[in-house]
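In: Using only what follows, build the 3D model:
(chains A and B)
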Amino acid sequence: MSRIVAAVDTTPAAATVLAAAVALAPLLAGQVEALHVAEDDESVPRALAEGFGVPLHLARGEVAAVLTALTCGEDVVAVVTGVSASRRRIPVVGHVAQQVLTRARIPIVAVPPGAAVAARVRRVLVPLDGSPTTTQALRQVLRFARHERLEVTVLHVYDETMVPLYSDQPVHEARAWTEEFLLRHCPDPDVVSLEVRIGSPATQVLDVAVESRADLLALGWSQDLSPGRAQVVQRALETSSIPLLLVPMRT
Amino acid sequence: MAAVPRPEPEAAPPLPTDRRFEAVVFDWDGTAVPDRQADAAAVRSVLERLVALGMDVVVVSGTHVGNVDGQLAARPAPSATGRLLLCLNRGSEVFAVGTAGPELVLRRKATAAEDAALTRAAESTVARLAERGLEARIVSQRLNRRKIDLIPLPEWQDPPKAQIGALLTGVEERLHQHGLAGLRDAVDIARAAAVEAGLADPRVTSDVKHVEIGLTDKADSARWAFDELWRRGVAPAQVLVAGDEMGPLGGMTGSDALMLVDPRVTAVSVGPEPAGVPHGVLHLGGGPARFVAILDDQVARRSRGEIPVAADDAQWAVRIAETDPSQRRAHAALATIADGRVGAVGGGLGGDSQSSPVLAAGVFAGEGPDTHLLEAPGFGRLAGPPAPLERLLDLHAGTLLSTARIGGRTVQALEFCSLARPGTAVLRVDDATALGDDVVSPPARDGEQEWGEDGDEQWMEVSSGTGSLAAAGRQGGGTRCATDRVVSYAEHVGEARRRLGDVHSMGVDALLSEHRAAWGQRWDDAAISVAGDAEAEQAIRFALFHLMGSVADEGEAAVGARGMTGHGYNGHVFWDADVFVLPFLAATHPAAARAMLEYRIRRLPAALDAAREAGRAGARFPWESALSGRDVTPVEGHDRLGHVLRIRTGELEEHIVADVAWAACCYADWSGDEEFLPGPGLPLLLETARYWASRIEVDNRGRGHIRRVIGPDEYHEDVDDNAYTNVMARWNLRAAARLAASVQGSATPAELAGWRHLATHLVDNHHRGSGLYEQFSGFWRLEPLIIRDVAPRRPVVADILLGGDRVRGAQVVKQADVLMLHHLVPEEVAAGSLLPNLDHYEPRTAHGSSLSPLVHASLLARAGRTAQALEMLRTGMRIDLDDVTGATAAGLHLATMGGLWQAVVWGVAGLRPAGRALSIDPRPLQAWGRLDIRLRFRGSSVRVVVEPDRARVDADPPIPVRGPDGGRARTVAHAEFVLPPEGRP
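Out: Below you'll find the model as predicted:
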């Protein structure tokens, strides 16, 4: 049986993490279990787990190491964890989150503090810049979504330097380009809708996430949180109001 | 005692001859026959079979036709698609052998002076040898040569080739006795005598017994043969050269080594070669028997369906390796093989019909804006999932060679759509199990399908409400071995089956031979070579290949924006066809340009109706045209950003009306078809002029206006007095008036006077002081935004970058608009106006249309800004090769490809018709050492060579040529011009 491990602590954010894990369970086709890594009082996590009706596992050790090790387990399909990010920090996330996010071999669901978590994930936004990295996220979502009635919106953003070179007759051109873009990057073009925007990719991704009332933002990435890299992921970690499914390239 | 197993003998490594060749060039005496008295039945039989199978055969000999044909006596079957050519008389004659025997193709005839010089040279040689006491004798005075016998003794009267060693010993002993070091000295004496006699380039050869002084030799035969084979689509790498005297004899180059004029051939000697053979020649020995065995092997290879070895000339081929499956559809478009009627995207082996449809020109389904090309049945559906393909598109031969790993095996396929028999698709695959059972397979898109079979013949008809397409095909061969498919396409099953019956019996090899020859012929009239810029040369040839394959040369040719290379633009016909594709064909294959005009002529009734419905006179051709000739431009749609667009091009982009008339004149100017404009082309000019006459509004000051249009710059809609539209309309009115004046009764005098008056008074927005044309009334009141300065790069789709509203309110131009006039009708714009308008508009142009960079490249060249011109050329020429639009999968940008030809031929070479003359005024690009252009001008075959400091024109038959000085044209077969330094505007 596939497992979805929700990392819970004793903060109020733990409830949001568990809620997100439960909401994602049908999509990820796994059973949720809570994991608490600490030597402190386990009563809060236990109550929380019981509240959500999921088992609680306790682990000892360094949190990042435990969670990273989990991502190598064959039966774990995703780790759900709370992530608090701030642009005043380099990297934008703390040490534990950085270790987990950049070392995971499986998708990580990052739940920002105060994220709005739907009871069940219905709408997913997948930004796609045409690179294999972002295409990987879409493939993962569509694989997860095989048995779900999921509305998948693929978002392509032209930043100023990526504006198309030519558009002879805009309607004909748009039809041709859209068809090819989806065929090229989307394993099942019929189940997605394509949204194209122009502007800053990070801004547009977050705007469209709100506009489309997405429940989940799925981002493919190469797990590099250095300054200037993975700017969409970094901005999303910082400001997203919905959970993020971060799909590593090497999944 | 147990038997010790013997080790298996190691297989001999394959010889260079263990492969298929497409032509054989060989010496006669000693190679094909032991001597001139020998029975040639064996070689005759095998040569006749090879020619029937499409192989080209060239016999090279020093002797005359009576000797060779008398002995060979081969008579190819009437149906043979290979050619048997005799290159005789040591390079001075060529005969083509048909069913009735040899017919003279070419004869080099010495002038009287040359003849006299030959005689003097021979007599002088004999005299010089006699001075040394050596008796030599002039034994024949054949065509263009004199033959001197060095050993006129009875015992050496007619030595067989097999005794060449003994003969050499005998001759050299004789020469030594008279103080000569050897044969070389005798030849040197003859050469010196020839030069003294006044022969500038004497060819002195020896077969040991004789020394010959001539004007030509076997090298001339070989050069002609390779040129001819190239014209027949056979590359040097596909040719076997065979002789028996490749190695040196008596210090002289072997006589057959003279045939080695191209290092890419495979060369063998079957002679004894006592002194060995030159590097690169394989010495097989074995004499004529061995040679006949090689030819028998070639027959066997064809019989078992061996796939020809690719020429693989990097400058004439495009290699497309599929390393990323997501690129499959784009790669398929690049590898489209088409014959003007039918195009197979990616070839039949592309895999699924979604990525590799077969499309037919002008056959549509659907109605109105949804009208689209009806997809035809496929012919190469694979048995399993498509595997990554490596494709080699041979641009010169028009073939596609595909290699794939299928089911753990490497499978190779050769495919083509026959240019010689349009509507015929041919596929040979070396492993039949790779193919599915269906010879014809259903298309992926719409259409009702009917399917049937009769014995080994299958057919399928796909029909829509407006058209149908049928395919009938047969497959030969068994499993796990080569198999052939021949599929005929027509509108209906009956016709497809009838045509299949005609072609299937020919066999793939014969079909291939005539197809290659058809392509070779087309290239002979259209090839462009660029020395010093391999990338440009390949890109240009790639473009020309697709242009040629996309247009039929009979009946009517509906050339959609993407031709038959993809579903993009629904196959709709735009001004792209008339303005960008047609000129190339008018200048290289006028029949195809004529077929494009026939498409417009047959839709004239619809254009007349459209004008009438708009309350106008004459003919209004639609912005987007398909089957009926009614406008099929969509009226609404979404752009890439999902914005709903109201599409107004169908309503307002009326310059298409003048563009069609311009295309008719372009065809007439280049082709010299004197009957077209006064005949079937007449209404194209007159009815369009009538349209403009009714469309122009005359204000109270008597000035004519064309209000509410869209020019080529489609960023600005519903504008008044667009310069391009107005000037083209003016050109249209004047051209129609000139024509009508010469065709009695075509228009009334009052009508002609009215057209001329309107043309004179139609505003063109030209400002004399600045030399500028205002793109449309009010353009200069828009925000003076210089897109060059604000865009991160160009080309760029400015309305995506800046937003539609901003662009509409700014002086941002999508593509050449005013400048399009300087490109199309330079004689119709103010003299000297190119430079100011180029300086003004280019920085304001986003080049967001794929048509724009190459028009600018052309004009930058005309302006003498050759470095910028080359930069623009490079931008435009790789649009599809690099899939910079991300939409090449929907088809190739044919108009851009036509624009590339225009940039090179109009822009760089400065070639334009000037009345009945061809005008040349080059602007050489420094990076291009030598630009070599083939084209046709008014029935003549023309070759133009442009070098940095000079240009040359050769025409056969002669044509009037007007040089860069713009002076009077002179009718010449050859003209040379010295060019002024670079940078001349």
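
In: need the contact list for residue 81.
Out: This is for chain A. A:6-7, A:17, A:67, A:97, A:100, A:108-111 (C-beta atoms under 8 Å, 6 or more residues apart in numbering or on different chains). Quick note: C-beta positions are derived from backbone N, CA and C, even for glycine.

In: ah, I was thinking of chain B
Out: B:52, B:54, B:506, B:510-511, B:513-514, B:517.

In: ditto for B:D438
Out: Counting by C-beta under 8 Å, 6+ apart, B:D438 has contacts B:381, B:458.

In: Please list the residues of the stretch 151-251 of chain A that sit near chain B.
Out: By the rule C-beta under 8 Å from any C-beta of the partner chain, the part of the stretch 151-251 of chain A lying against chain B is A:158, A:160-161, A:163-181, A:183-185, A:195-198.

In: ok, for B:G276, nearest residue in space, not its chain neighbours?
Out: Once flanking residues are discounted, B:G276 sits nearest to B:G247: 5.0 Å by C-beta to C-beta, 6 or more residues apart in numbering or on different chains.

In: The contacts of A:T81: which two are farthest apart?
Out: With C-beta to C-beta as the measure, no two of the contacts of A:T81 lie farther apart than A:A6 and A:A97, at 14.6 Å.

In: Who has more neighbours out of the two?
Out: More crowded of A:A6 and A:A97, by other C-beta atoms under 10 Å in any protein chain shown: A:A6, with 32 against 23.

In: Centroid-nearest residue for chain B?
Out: Of all residues in chain B, the one closest to the mean position by C-alpha atoms, centre = their mean is B:W523, 3.1 Å from it.

In: measure B:D149 to B:A753 for me?
Out: Counting by C-beta to C-beta, to the nearest Å, the separation of B:D149 from B:A753 is 83 Å.

In: For chain A, give me its nearest residue in the stretch 801-950 of chain B.
Out: Per C-beta to the nearest C-beta, B:A890 is where the stretch 801-950 of chain B lies closest to chain A, at 3.5 Å.

In: Pretty sure that residue sits against B:A561.
Out: No. At 9.7 Å, B:A890 does not count as touching B:A561 under the criterion of C-beta atoms under 8 Å.

In: Strands of chain A, start to end?
Out: A:3-7, A:31-37, A:56-59, A:76-82, A:108-111, A:123-127, A:151-158, A:192-198, A:216-221, A:244-248 (DSSP state E).

In: Including mean pLDDT, could these go into TSV?
Out: Conversion of these to TSV gives the following (pLDDT from 0 to 100):
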stretch	mean pLDDT
strand A:3-7	94
strand A:31-37	94
strand A:56-59	92
strand A:76-82	93
strand A:108-111	95
strand A:123-127	95
strand A:151-158	94
strand A:192-198	93
strand A:216-221	94
strand A:244-248	94
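
In: contact partners of the lowest-mean-pLDDT helix or strand in chain A?
Out: With mean pLDDT, DSSP states H and E as the measure, the helix or strand of chain A carrying the lowest mean pLDDT is helix A:132-144 (a mean of 84). With C-beta under 8 Å, 6+ apart as the test, helix A:132-144 has contacts from A:27-29, A:107, A:124, A:126-128, A:150, A:152, A:154, A:185-188, A:191-192, A:218-222, A:245, A:247, A:249, A:251.
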